[in-house]
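# model the structure of this input:
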Amino acid sequence: MTRAAQAPGTWMTPTPVEYRDPHYALHPDGTRVERLEDITRQRAAATPDLPAVITADTRTTFAELDRDASRVGQALLRDGVSVGDRVCYIGENASSFLAVLFGGSKMGAIPTALNFRLSVPEMEFILGDSEPSVVVLGHGQERLVEAAAAVPSVKRVVTLSAEGDGRHTPGATVVGWEAWLDGVSDEDPGHRRSPDDTALMFYTSGTTGRPKGIELTGANIGQAIAAMHYLLELDTDCVALAPVPFFHVSGFGLALVSVVNGAALLLLNPTGPADLIRILQAYAVTHAVAVPTVIQFLLGQPEVRTADWSALRYMVYGSSPIPEPVLRDATVVFGCKFLQSYGLTESTGGVTMLSPEDHRPTPETAHRLRSAGRPMANVPVRVVDPVTLEDLPHGERGEVLIGGGHVMRRYWRNPEATSAAITPDGWLRTGDGGSMDAEGYLFLHDRLKDMIVSGGENVFPAEVESILTGHPGVAHAAVIGIRSARWGESPFAVVVRAPGSDLDEAGLIAWAREQMAHYKCPVGVAFVDALPLNASGKLLKTRLREDYADPS
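Residues are numbered from 1 along each chain as shown. Next up, the predicted model:
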């Protein structure tokens with residue numbers, strides 16, 4: 001790919017490129033990808049008998065996936081779900097997720113992917129905020145049945161773990177997956193929405209401490225699929241492994257682009273690095289997505305260096321920095337093409353890419369391995385002064401802004417947050433600090449929002465702080481990220497006890513693990529008499545990082 005060089009004081013707009021594949025961002029019939037509901041329709045017509053989804057004990061063809069989606073759509077219509085209603089899926093990656101995703105789209109609902117790792121109180125807030133009509137609970141999510149059924153908007157709770165007993169709560173009926181679909185027609189509901197309508201929702205946490213719904217349109221998704229299609233070179237002979245949960249836009253994106261291009265999607269949940277190596281080998285995986293910590297775990301296994309990696313074509317990573325020596329080792333061991341992606345859920349996933357060519361540097365270009373790559377085709381990226389929003393010269397640090405068709409529609413029912421995140425002329429404020437060099441490579445420095453990335457999961461200090469201060473023994477709390485050899489970063493809390501409290505570290509951590517997802521829970525607590533404040537009364541997290549960020 002070639003892109004225009006950035007002139008000093010301007011932002012980087014990649015020039016349109018001539019794509020190798022003439023069917024870039026197209027369905028098999030040559031129409032543009034811009035509606036979720038058309039994806040299985042088109043692929044089932046083109047390659048009905050090829051495997052779409054492979055699990056440990058099942059293989060689902062594209063024709064079967066399309067019929068399953070139609071049955072889900074018909075079941076939702078029978079349950080009184082209307083166009084624009086939310087349908088939530090909570091569970092690990094499974095073919096049922098794809099059936100709900102495409103089936104909900106086929107009748108006009110908004111599929112909403114939720115983080116199954118959240119605690120019950122966290123999930124109660126999100127379900128109350130999204131107000132779904134139907135909640136589908138994957139295997140192992142029985143703990144959420146009562147919470148989901150208690151939401152006033154919910155008409156039906158569907159569970160895959162066991163057959164529902166059909167019991168009626170004040171507003172919802174609980175039923176098993178097979179019983180829910182029993183006798184339902186597989187006729188396509190036939191809905192097609194505008195590409196500019198909300199097609200999908202994810203939830204993310206923000207600096208206010210409350211999760212926010214992110215509305216993505218069909219056009220957003222089409223843009224993301226287009227970029228991934230070109231970069232990953234997926235085809236009908238490919239097998240893609242998506243161990244990253246579908247509630248993450250990176251895992252979800254790989255699933256979509258696999259279906260669009262007729263590749264087989266492998267849905268297995270490795271139990272550890274050794275099991276992941278076994279899966280990659282046994283299924284001749286060609287494309288895999290991993291967070292840097294997983295790559296590090298793999299390289300720590302002796303068998304990884306003697307295995308045959310000839311089938312593996314692409315390894316895509318992102319979400320947190322990866323040490324340069326680890327990256328160099330990985331390129332030698334796996335021998336495949338590596339891609340690094342940077343993006344947000346609000347930007348429909350990746351917007352910059354460190355290409356395979358960049359992963360084979362010369363001495364003069366080795367520094368690029370520390371970058372997040374260059375903007376993808378037709379994705380404008382700027383680095384600006386965070387106060388004035390004026391563009392900064394090459395090498396100067398500022399806030400990263402993203403423009404173009406990848407930018408989300410809005411935050412769900414949150415106009416204030418939307419206005420804060422998207423400028424009047426349509427630029428997404430990432431809150432991430434970065435700089436851009438003369439060749440257009442983006443270097444990420446600090447995270448302006450103080451976000452912690454622990455094992456590939458985003459942890460927002462404000463959310464954790466809000467929960468910790470709910471403990472009666474806590475007067476004030478501040479959360480920072482500390483270095484972790486295993487997870488990259490881990491949350492650490494600095495706490496001021498409430499008067500008369502004798503709360504200790506073990507007690508607070510044990511309590512916190514009941515209130516939030518475990519990856520958000522502080523791994524350590526320091527008790528202090530007072531938090532450091534500046535003259536304006538603002539917390540000095542820089543001081544806390546100086547004192548605690550390095551556990552050594």
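# show me where the stretch 201-350 of the chain has its helices.
All helices of the stretch 201-350 of the chain, identified by DSSP state H, counting those that start in this stretch, fall at 218-232, 249-261, 273-282, 292-299, 324-334.
# and the second one with helix 218-232, angle?
Between helix 249-261 and helix 218-232, the angle comes out at 80 degrees (axes from the mean of the first three to the mean of the last three Cα atoms, to 10 degrees).
# cool, the fourth one as well?
With the same axes, to 10 degrees as the basis, helix 292-299 and helix 218-232 are set at 30 degrees to each other.
# elements contacting helix 292-299?
Contacts defined by 3 or more Cβ pairs under 8 Å, 6 or more residues apart in numbering; DSSP states H and E place helix 292-299 against helix 273-282, strand 314-318, helix 324-334. Quick note: C-beta positions are derived from backbone N, CA and C, even for glycine.
# picking that back up, can I get the helices of the stretch 201-350 of the chain in a markdown table including mean neighbour count?
A markdown table is the format used below for the helices of the stretch 201-350 of the chain (neighbours: other Cβ atoms under 10 Å):
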| stretch | mean neighbour count |
| --- | --- |
| helix 218-232 | 24 |
| helix 249-261 | 24 |
| helix 273-282 | 17 |
| helix 292-299 | 20 |
| helix 324-334 | 15 |
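# surely Pro195 meets Glu37?
No - shown here, Pro195 and Glu37 do not form a contact pair, counting by Cβ atoms under 8 Å, at 11.1 Å.
# comparing those two, which shows the higher neighbour count?
Neighbour totals were compared for Pro195 and Glu37, and Glu37 leads with 24 against 17 (other Cβ atoms under 10 Å).
# give the contact list for the residue most central in space within the chain.
The chain has His248 as the residue nearest its centroid, 2.0 Å off, counting by Cα atoms, centre = their mean. His248 makes contacts with Thr345, Gly456, as judged by Cβ atoms under 8 Å, 6 or more residues apart in numbering.
# can I see the domain layout of the chain?
Here the domain parsing of the chain from automatic domain parsing is 62-192, 214-447, 452-548.
# sorry, back to before: including distance to Lys520 and mean pLDDT, could the helices and strands packed on helix 292-299 go into CSV?
Converted to CSV, the helices and strands packed on helix 292-299 look like this (distance: least, Cβ to Cβ, whole Å; pLDDT from 0 to 100):
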stretch, distance to Lys520, mean pLDDT
helix 273-282, 23, 95
strand 314-318, 20, 92
helix 324-334, 25, 89
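# so for Leu508, which of the helices of the stretch 201-350 of the chain sits nearest?
Nearest to Leu508 among the helices of the stretch 201-350 of the chain is helix 292-299 (25.6 Å), distances taken as Cβ to Cβ.
# list of residues touching that closest one?
The contact list for helix 292-299 (Cβ under 8 Å, 6+ apart) reads 243, 272-273, 276-277, 290, 304, 315, 317, 319-322, 326, 329-330, 333, 455-456, 486-488.
# which residues in the stretch 451-552 of the chain form strands?
452-454, 457-459, 474-484, 488-497, 525-527 (DSSP state E, counting those that start in this stretch).
# ranked by average pLDDT, which of these falls at the bottom?
Among the strands of the stretch 451-552 of the chain, strand 457-459 has the lowest mean pLDDT, at a mean of 83.
# isn't Arg413 up against Asp129?
Yes - Arg413 lies in contact with Asp129 (Cβ under 8 Å); the separation is 7.4 Å.
# more neighbours: which of the two?
More crowded of Arg413 and Asp129, by other Cβ under 10 Å: Asp129, with 18 against 13.
# look up phi and psi at that one.
Per-residue torsions, Asp129: phi -70, psi -40 (degrees, to the nearest 10).
# so Val136, which of the three states?
The three-state label given to Val136 by DSSP: H, G, I helix; E, B strand; the rest coil is strand.
# circling back: export the helices of the stretch 201-350 of the chain as TSV, with columns for distance to Val100.
As requested, the helices of the stretch 201-350 of the chain are exported to TSV (distance: least, Cβ to Cβ, whole Å):
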stretch	distance to Val100
helix 218-232	16
helix 249-261	12
helix 273-282	24
helix 292-299	26
helix 324-334	34
